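J.: with the input below, show me the fold.
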Amino acid sequence: MAEPRAVSILIPAFNEGEVIGEVVRAVAAHGPWHEIVVIDDGSSDATAAEARAAGAIVLRHPYNKGNGASVKTGLRYATGEFVVIMDGDGQHAPADIARVIAPLGDYDLVVGARSGQSQATLARRVGNTLLNGLASYLTSRPIPDLTSGFRGMRREYAAEFLHLLPNGFSSPTTLTLAFIKAGHNVMFEPIEAGRRVGRSKIRLARDGVKFFLILLRVITIFSPLRIFLPIAVAAFLLGTGYGLWGVAVTRKIPNGAVLLLMFSVVVFLVGLVSEQISALRAEGRR
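T.: As a prediction, the model looks like this:
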């Protein structure tokens with residue numbers, strides 16, 4: 001178990017002045033943490049003042065950059081051996097921090113996995129279910145909650161992936177996939193998330209596509225054949241079937257079948273080269 005004195009608590013916040021002071025005081029009451037750091041992402045309200053008054057260290061962006069940028073700022077500043085990242089809107093229970101840090105040491109990343117009922121709307125639940133399913137396929141292991149912002153991790157390992165983190169709301173997605181594909185020990189701890197104070201900054205239509213693209217981007221970096229190989233196989237089977245049909249019916253191989261077969265070979269070779277580049281990249285990092 002990670003000792004509380006070795007844990008830095010990082011709380012990204014944007015216009016959470018109504019609740020951030022209460023969050024900081026509740027977190028402080030649950031352990032002698034190494035430090036509690038609030039990253040104020042260019043708020044236009046009293047977020048920074050309320051967090052500072054509650055006893056937190058406040059890092060302030062001069063303008064709004066995004067949740068991911070706040071996480072990166074916090075990780076660069078933190079000095080604890082482990083870090084816990086949680087939202088500043090009051091939906092994460094400070095009492096759950098102990099459950100998240102308990103496996104740290106044996107595990108390098110512990111994600112607070114929300115139940116379906118904990119997630120705000122039906123549309124959000126459906127979208128997260130689809131993302132979780134796709135991520136589970138791409139990583140070859142069950143992922144019950146890809147987008148949870150409540151997590152504890154070894155700071156040294158998280159720092160390896162700072163360059164991959166987007167500035168927007170997809171940093172939890174990227175961190176989870178990066179830890180898994182890099183071979184670190186990852187655990188999902190079930191939690192119940194409360195209702196946030198104020199309105200969510202995430203918009204499903206706008207940010208859902210970004211989540212999907214970032215998911216593919218991270219998997220392409222760490223395990224490209226998980227994407228390229230199924231496409232190549234599907235194109236090869238389709239081309240072969242179309243070609244056999246053409247020979248049987250018209251005594252000719254259709255041009256479309258030839259194109260599909262060539263496409264499958266090209267996609268497979270690109271995937272193979274990408275896999276080698278990924279392996280060289282990982283070796284270079286080590």
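J.: where do the helices of the stretch 151-286 of the chain begin and end?
T.: 155-159, 171-181, 204-222, 225-250, 255-285 (DSSP state H, counting those that start in this stretch).
J.: what's the least confident stretch among those?
T.: Lowest mean pLDDT within these: helix 204-222, a mean of 67.
J.: which stretches in the stretch 1-150 of the chain count as helices?
T.: 20-28, 47-53, 67-77, 97-101, 122-139.
J.: in the third one, what counts as buried?
T.: Right, helix 67-77. Buried residues in helix 67-77, counted by 16 or more other Cβ atoms under 10 Å: Asn67, Gly68, Ala69, Ser70, Val71, Lys72, Thr73, Gly74, Leu75. Placement of C-beta: from N, CA and C, glycine included.
J.: would you mind pulling the contact partners of that helix?
T.: 8, 10, 12-14, 37, 39, 41, 57, 59, 61, 83, 85, 149, 155, 158-159, 162, 165-171, 174, 201 (Cβ atoms under 8 Å, 6 or more residues apart in numbering).
J.: hmm, which of these are the buried ones?
T.: The buried subset of the contacts of helix 67-77 - by 16+ other Cβ under 10 Å - is 8, 10, 12-14, 37, 39, 41, 57, 59, 61, 83, 85, 149, 155, 158, 165-171, 174, 201.
J.: circling back: can I get the helices of the stretch 1-150 of the chain in JSON lines with distance to Leu109 and mean pLDDT?
T.: Shown next, in JSON lines, are the helices of the stretch 1-150 of the chain (distance: least, Cβ to Cβ, whole Å; pLDDT from 0 to 100):
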{"stretch": "helix 20-28", "distance to Leu109": "20", "mean pLDDT": "96"}
{"stretch": "helix 47-53", "distance to Leu109": "26", "mean pLDDT": "96"}
{"stretch": "helix 67-77", "distance to Leu109": "13", "mean pLDDT": "95"}
{"stretch": "helix 97-101", "distance to Leu109": "10", "mean pLDDT": "94"}
{"stretch": "helix 122-139", "distance to Leu109": "13", "mean pLDDT": "76"}
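J.: adding distance to Phe212, write these out as JSON lines.
T.: Converted to JSON lines, the helices of the stretch 1-150 of the chain look like this (distance: least, Cβ to Cβ, whole Å):
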{"stretch": "helix 20-28", "distance to Phe212": "30"}
{"stretch": "helix 47-53", "distance to Phe212": "30"}
{"stretch": "helix 67-77", "distance to Phe212": "16"}
{"stretch": "helix 97-101", "distance to Phe212": "27"}
{"stretch": "helix 122-139", "distance to Phe212": "7"}
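J.: out of the helices of the stretch 151-286 of the chain, which is the most enclosed?
T.: helix 171-181 (a mean of 24; mean count of other Cβ atoms under 10 Å).
J.: show me what that one is packed against.
T.: helix 67-77, strand 109-114, helix 122-139, strand 151-154, strand 186-191, helix 204-222 (3 or more Cβ pairs under 8 Å, 6 or more residues apart in numbering; DSSP states H and E).
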